Structure formats: C-alpha cells, structure tokens
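> Sequence and predicted structure, then a few things I'm wondering about:
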Number of protein chains: 2
Amino acid sequence: MKRKTIGIDMDGVLADIEAHWLNWYERDYGVRLGPEIFLGVKESEAFPDKEAVLKFVYSPGFFRTLPVMEGAVAAVKKLSEDFEIYIVSAAMEFPLSLFEKREWLAEHFPFISWKNIIFCGDKSIIDTDYLIDDHCKNLDHCKGSPIMFTAGHNTNHTHHTRANNWQEVLTLMEADRCGTAICR
Amino acid sequence: MKRKTIGIDMDGVLADIEAHWLNWYERDYGVRLGPEIFLGVKESEAFPDKEAVLKFVYSPGFFRTLPVMEGAVAAVKKLSEDFEIYIVSAAMEFPLSLFEKREWLAEHFPFISWKNIIFCGDKSIIDTDYLIDDHCKNLDHCKGSPIMFTAGHNTNHTHHTRANNWQEVLTLMEADRCGTAICR
C-alpha cells in the first residue's frame, strides 16, 4: 500500500532559527535578547534593529550553522518508519542558502534521500498528505492537511491544528496511524 | 479564475544539455560526435567513455553554462500569459548545480519569479496541471497531464503525448486554451 506523505518545513521546524537569530544578534550587537521578542510579530520586526534579520539570512554560513530543533532528528526518523517524508523548504528566496541547506540536511538528517528534498518558493503545488510548517502563507493553501508548528510569530493564529514541539507531532501522527482525524 | 499550471523541466527541455555534452566531449576528448549518439540510449551510455557524462555533471560551471534550448525563452514567455509556470528541476541529485541552476534561470528566464522555481528529487509530489519533461521516470507518475519533450534517450517511448520542440509545445497548449484534450 502506498504510504501517506508528510512535507516538513526546515526553518522554524527542523531548524531552530529563533535561537540562531538570538545568538547572532548577541554576537553582532552585544545584546542578549530572549525568545519573547518573537511573540506575535513578524520575524523581521522582532529585533530593535529591523535590518538585522535580513542581514543575517543573506550572510554566508547562516543557514549552514543553524541548530537542530530539539527532538527533530529522532522524531523524523521515527515518522519515516510509517510515512514517506519530504523536506519542503522555501529556500529559493535566498540563493546562497541552497547549497548550505543541502549540506545541513546531509549532516543532520543523512537518512533523508536527495529524492525527498524540495527547495521551492510558493509551496502551493506541493501535494503531500500533511504539511508541517510554521507559516500561514504555506499552510493556508496547502493541498494536504496542515499542521502548524509553533513559532513566536504564529502564536496568535488559531485556525490550524497545532504542534508545540516534535513530541506533539509524534502524538498527532500516531493518531493518524490509528485512523483518527487529526486536522480540523 | 485560477489559471492552469505547467511544470517545466530544465535539462533537456529549457536547456540543450545534449549540445552541451557534445561540446564538452569535444573540448576534453578532441572528438566531435553528433546528436545521433543519444538515440535510444541512456545519456550516460552515449559516449565512448562511459564516465564522461558523470564527470561533466559534477564539474563546476557545467550547469551554469548550458545553452538555452531553441525557442524556449519566447515560448515560456508566451505561455506565462495564460498559464502559471513552474520550473521543476531534479537538481537535488547534484548539490553543486543548485546555485548554478538558480543563476542560470535568473540570467535566461528573469521573468520567472523565485516563487515559481522548484528544485527537487522525485517529482511525484509536484502537482501541476501539466508537466513538460524528457524523462519517463518523471512523466509516468506525475499528477497532471504529461507532455514528453523529445530527447535522444526518449525516442523509443511512445506512451506520452510528445512535443518535438518549443513550437509544438505552443501548439499543444493553444489547443488546451481552446478546450481540446491534448494528452492521452
């Protein structure tokens, strides 16, 4: 039987981009800020210097050195036993990130085949049974069932099934395996 | 009304990779071969030196310097008036090609937004109304209607609607605009 498919976003889902931004901000501006600055605002608006996020994402090495989101490796490995996993990243916006993201995946998720990696822009033509993502712009129009992975910027959006961490993703997907509808 | 979507492959469709291989083979081996060597065989089997194709596709600069397929720019520009165009390339197999392909598209197809570019592996989760591609492995399982763009290696495959060049693609898609079923 054909296995169900899950599309999984990178930044903010597999990779802890908020932690990385906070670290780089401290490194470059000498100020340690906390994750509460991201709550309910666009990522680019979170820092006192509104140019910081753009400066970081265009810096060589930024995407290559992202920390892995807690629990992501073990969870994706577990999910790949029962589902066909596709990594779906809107990497096309930042051309320099393409090679870095490919290398990052090879390092941290070597069990994901190159055949199952998609770097795109608009995700609306990606047809997986589920999409795990932190952005409404991707989840609102996806072809499958959307699962919103919690990030500061999406705190106030309540119209998608939410997973606060990778353990909650596993719990949701276990419900799917048991035949329970897990998305609204 | 939502426009129909067309996925378009790069190598062998937007880019004349056969011509490029012949040119690089002559440059490196001193022998000028003709396009008939590709007829009915795998691309990697076409040259006397069976390692040549692999060597070329892993060479920095190979994908950045591909010649554009005759008529491709004007045809894609024309099609983009009536269809939503997505470039869908299996670039993930060759990590070095990612940045080069992105740059190549920016040079030759600057009217294609980054939002409409997809670099992937397996194309089976790409859901466009049409897919124009030269490989059966992509066309046989695509979600939309397949259009086989003629290449030497696919000469003997007859189970897909075929376009021998970009003028024939335009003729086929004009039929779609007129409500005629164009695929088998």
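Here it is on my side, so go on.
> Local confidence estimate at residue A:87?
Reported pLDDT at residue A:87 in the predicted model: 98.
> let me redo that: residue A:100
As predicted, residue A:100 sits at a pLDDT of 96.
> ok, it touching residue A:58?
No - with contacts counted by C-beta atoms under 8 Å, residue A:100 stays clear of residue A:58, the gap being 11.8 Å. Every residue, glycine included, has its C-beta placed from N, CA and C.
> Tell me which of these two has more neighbours.
Counted by other C-beta atoms under 10 Å in any protein chain shown, residue A:100 and residue A:58 do not tie: residue A:100 has more neighbours, with 20 against 12.
> in which helix or strand would I find the more buried one?
helix A:97-108 (DSSP states H and E).
> which residues sit against that helix?
With C-beta atoms under 8 Å, 6 or more residues apart in numbering or on different chains as the test, helix A:97-108 has contacts from A:10, A:14-15, A:57, A:60-64, A:66, A:68, A:73, A:87, A:89, A:91-92, A:112, A:117, A:119, B:92, B:95-96, B:98-99, B:102, B:119.
> where along chain A do the strands fall?
For chain A, strands defined by DSSP state E occupy the ranges A:5-8, A:84-89, A:117-119, A:130-133, A:145-149, A:161-163.
> how about residue A:144, phi and psi?
In terms of degrees, to the nearest 10, the main-chain angles of residue A:144 are phi -100, psi -160.
> Give me the distance from the helix holding residue A:100 to the chain's centre.
From the chain centre to the centre of helix A:97-108 is a distance of 14 Å (C-alpha atoms, centre = their mean, to the nearest Å).
> cool, and stretch A:9-22?
Distance, stretch centre to chain centre, for stretch A:9-22: 7 Å (C-alpha atoms, centre = their mean).
> Please apply the same query to stretch A:72-84.
Relative to its chain's centre, stretch A:72-84 lies at 15 Å (C-alpha atoms, centre = their mean).
> What are the buried residues along it?
Residues of stretch A:72-84 classed as buried by neighbour count (16 or more other C-beta atoms under 10 Å in any protein chain shown): A:72, A:73, A:75, A:76, A:78, A:79, A:80, A:83, A:84.
> Would you mind measuring from the third one to chain B?
Here the criterion is C-beta to the nearest C-beta, to the nearest Å. By it, residue A:75 lies 20 Å from chain B.
> Name the nearest residue to that residue, ignoring sequence neighbours.
Once flanking residues are discounted, residue A:75 sits nearest to residue A:166: 3.9 Å by C-beta to C-beta, 6 or more residues apart in numbering or on different chains.
> quick one, what contacts the one you found?
Here residue A:166 is in contact with A:69, A:70, A:71, A:72, A:74, A:75 (C-beta under 8 Å, 6+ apart).
> now with 6 Å?
Contact analysis of residue A:166 by C-beta atoms under 6 Å, 6 or more residues apart in numbering or on different chains lists A:71, A:72, A:75.
> tell me which of the residues you listed is nearest to residue B:133?
residue A:72 (32.9 Å; C-beta to C-beta).
> looking at it, that closest one is touching residue A:14, isn't it?
Yes - using C-beta atoms under 6 Å, residue A:72 is in contact with residue A:14, at 5.0 Å.
> Look at residue A:1 and report its pLDDT.
Listed pLDDT for residue A:1 reads 61.
> Buried residues, stretch A:147-165. List them.
A:147-154, A:157, A:160-163.
> Kindly check the end-to-end length of that stretch for me.
With C-alpha to C-alpha, to the nearest Å as the measure, the ends of stretch A:147-165 fall 11 Å from one another.
> How far away from the center of its chain is it?
Computed by C-alpha atoms, centre = their mean, the chain-centroid distance of stretch A:147-165 equals 11 Å.
> Give me the contacts around it.
A:12-13, A:38-40, A:43, A:130, A:132, A:134, A:136, A:139, A:146, A:169, A:172, A:183-184.
> Buried among those residues? Need that as a selection in PyMOL.
A single PyMOL command is used to select the members of those judged buried by 16+ other C-beta under 10 Å:
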select buried, chain A and resi 12+13+38+43+130+132+134+139+146+169+172
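> and which of the contacts of stretch A:147-165 is nearest to chain B?
Distance to chain B, by C-beta to the nearest C-beta, is smallest for residue A:130 among the contacts of stretch A:147-165, at 11.7 Å.
> So that closest one is in contact with residue A:145, correct?
Yes - counting by C-beta under 6 Å, residue A:130 does reach residue A:145; the two are 5.1 Å apart.
> partner residues bridging residue A:15?
On the basis of DSSP bridges, residue A:15 is bridged to residue A:11, residue A:68.
> Hmm, it is touching residue A:66, no?
Yes - Residue A:15 lies in contact with residue A:66 (C-beta under 6 Å); the separation is 4.0 Å.
> Pull up the gap between the spatially most central residue of chain A and residue A:51, please.
In chain A, the residue lying closest to the centroid (C-alpha atoms, centre = their mean) is residue A:13, at 2.7 Å. With distances taken as C-beta to C-beta, to the nearest Å, residue A:13 is found 25 Å from residue A:51.
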